[in-house]
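Colleague: just the structure for this:
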Amino acid sequence: MEISSVSNIASHAAAPVEQAQPATQEQRNLIQAVKAVNAAELFGQDNELTFVLDHATRKAIVRIINRQTGEVVEQIPAEYVLRMAEENKGS
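Modeller: So this is what the prediction gives:
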């Protein structure tokens, strides 16, 4: 699983790495919204909101990350839910 900053969300939400496409208007809007949330420090001064794509399940993940330590403070969906989805995908 990959963790990335909000500025890199377009590359994670777009096509595979070999054939990267420009960000859509929806992706640009999401990036701006996340930047606004982080600037307002809604999750505290030390935390920031990030979005990532789980490569195994192709599911979007929302995380609150501690800016100082890089530690995941909260994640939706939880890691165990992603692993269950990955296991069911193979069935």
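
Colleague: how far does the helix of greatest length in the chain sit from the chain's center?
Modeller: Secondary structure of the chain read by DSSP state H shows that its longest helix is helix 25-39. A distance of 12 Å separates the C-alpha centroid of helix 25-39 from that of its chain, computed with C-alpha atoms, centre = their mean, to the nearest Å.

Colleague: name the residues of it that are buried.
Modeller: 27, 30-31, 34, 38 (16 or more other C-beta atoms under 10 Å). (Glycine included, C-beta is placed from N, CA and C.)

Colleague: in the chain, where is pLDDT below threshold?
Modeller: Along the chain, the model assigns pLDDT under 70 to residues 1-21, 90-91.

Colleague: mind listing the strands for it?
Modeller: Assigned by DSSP state E, the strands in the chain fall at 47-54, 59-66, 72-76.

Colleague: nearest to residue 82, of these?
Modeller: strand 47-54 (5.4 Å; C-beta to C-beta).

Colleague: now the closest one and helix 25-39, what's the angle there?
Modeller: 150 degrees (axes from the mean of the first three to the mean of the last three C-alpha atoms, to 10 degrees).

Colleague: and the angle for strand 47-54 with strand 59-66?
Modeller: 150 degrees.

Colleague: same for strand 47-54, what does it pack against?
Modeller: helix 9-13, helix 25-39, strand 59-66 (3 or more C-beta pairs under 8 Å, 6 or more residues apart in numbering; DSSP states H and E).

Colleague: list the buried ones in that strand?
Modeller: 47-54.

Colleague: can I get those residues in TSV with distance to residue 79?
Modeller: Shown next, in TSV, are the buried residues of strand 47-54 (distance: C-beta to C-beta, whole Å):
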residue	distance to residue 79
47	18
48	19
49	18
50	15
51	16
52	12
53	15
54	9
